[in-house]
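Asker: sharing a sequence plus its predicted fold:
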Amino acid sequence: MKIGLFPKRPRPAAGVAAAIAAASAIMLALSGCGGPATAQPGAQSGQETQKVRYQGSPNSVALIEVAEDLGYLGDVKLEWVSNTTSGPQSIQSVATDQTDIGGAFTGAVIKLIEAGAPVQAVINYYGEDKDTFTGYYVEEGSPIKTPRDLIGKKIAVNTLGAHHEAVITTYLKNSGLTPEEIKQVQLVVVPPNETEVALRKKQVDVGTLGGVLQDRALAEGGIRALFTDVGVIGGPFDAGQYVLRKDFIAKNPETSRTVVTGVAKAIEWERTTPREQVIAKFEEIIAKRGRNESTEALKYWKSVGVASPGGRIQDQDFTRWEDYLKSAGIINGSLDTAKLYTNEFNLLETSAPAATSKG
């Protein structure tokens, strides 16, 4: 579980094409009704919206919520639409004009844009570092010691076609396994809350654990990490982006700058503020929004995770997954990163160079 993030390990974006079709249908329906169902600035008014629709996550606090609470969004107000079920669902909601901002794993963002969705990545919002990462665990006495030992074995992941599968595939490929051998490593979808039990009952050979679930399993003992995503990539890296819809950006450039820069400020606030104060702020935000949520898991928060100062996006945030995306048949040829992201709306000045490792 990640605190301060939209879901980062979503189910596969198999519904991307449907989402694009739905977006077209929605736009047609709206044009027939004389305009968007929610207040959006049009050519008639010449004013930008001061309301940004988003989806949240239960029992956790999104960076954009931190930005609003700290006053970084100025007069811009957030409108909570619902809680999201996954990263792809979050960004598909943006594409279909149900929300204005959403976030997902980089691979899901690429899938959606490659499918023709009118969205663009504007800032990194989650990543992995020495404190915040995902581990791939085996039982202490497991005979699995090397990547090759995974051939014919089962690895529990929370979904297919997303963060975990990309990391596992990269790990196996970098370890010298052939595509045919990689296909023999079976990925099994197991709800995150059930992964530890499935591992200890030997229903799977490897369990994917992160956040509070990882901490609890390690505290119980009897498991060891076979590898971690930070280890596979070779250091801290950014793994997911917030996206905005292109028509929203075109109509609301100043609001877009306010939102993106506000999130950048929130990233640096979480990075530089004592951990206890960050957790206290999360608890305060959850209490104020009154959604009958638990704050129990907040105590496991360790770091913002975003590797790049101010969340600024780099080509390598996308290209590091290029081999995986090609092997999965998601892209053909090289990525055109220019159409995937922009830093134009991130006005936060940072003195430090980006910390992401080369992928």
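Answerer: Yep, that arrived.

Asker: quick one: terminal-to-terminal distance for stretch 200-214?
Answerer: This stretch, stretch 200-214, spans 13 Å end to end (C-alpha to C-alpha, to the nearest Å).

Asker: same question, stretch 56-68
Answerer: With C-alpha to C-alpha as the measure, stretch 56-68 spans 13 Å from end to end.

Asker: look up the closest residue to residue 205, ignoring the ones flanking it.
Answerer: Leaving aside its sequence neighbours, residue 205 sits nearest to residue 153 (C-beta to C-beta, 6 or more residues apart in numbering; 4.0 Å). No exception for glycine: its C-beta is placed from N, CA and C like everyone else's.

Asker: please tell me how far that neighbour sits from residue 143.
Answerer: Residue 153 sits 10 Å away from residue 143, going by C-beta to C-beta, to the nearest Å.

Asker: which of these two has more neighbours?
Answerer: residue 153 (16 against 9; other C-beta atoms under 10 Å).

Asker: mind listing what that one touches?
Answerer: Neighbouring residues of residue 153 by C-beta atoms under 8 Å, 6 or more residues apart in numbering: 144, 185-186, 205-206.

Asker: greatest separation within the residues you listed: which pair is it?
Answerer: Using C-beta to C-beta, the contacts of residue 153 span at most 13.3 Å, a distance reached by 144 and 186.

Asker: take the contacts of residue 153 and keep only those in strands.
Answerer: Among the contacts of residue 153, the members falling in strands (DSSP state E) are 186, 206.

Asker: which of the contacts of residue 153 are buried? Put it as a PyMOL command.
Answerer: The buried residues among those can be selected in PyMOL (16 or more other C-beta atoms under 10 Å) with this line:
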select buried, resi 185+205+206
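
Asker: for the contacts of residue 153, which one is nearest residue 66?
Answerer: residue 206 (33.7 Å).

Asker: what's the burial count for residue 70?
Answerer: If we define neighbours as other C-beta under 10 Å, then residue 70 has 15 of them.

Asker: can you tell me the SS state at residue 199?
Answerer: Judged by DSSP: H, G, I helix; E, B strand; the rest coil, the three-state class of residue 199 is helix.

Asker: so residue 113 versus residue 79, what's the distance?
Answerer: Applying C-beta to C-beta to residue 113 and residue 79 gives a distance of 25 Å.

Asker: who has more neighbours, these two?
Answerer: Counted by other C-beta under 10 Å, residue 113 and residue 79 do not tie: residue 113 has more neighbours, with 23 against 12.

Asker: show the contacting residues for the residue lying closest to the more buried one once chain neighbours are set aside.
Answerer: In space, and not counting its chain neighbours, residue 113 is closest to residue 340: 5.7 Å by C-beta to C-beta, 6+ apart. Neighbouring residues of residue 340 by C-beta under 8 Å, 6+ apart: 109-110, 113, 120-121, 318.

Asker: one more time with 7 Å
Answerer: 110, 113, 121, 318 (C-beta atoms under 7 Å, 6 or more residues apart in numbering).
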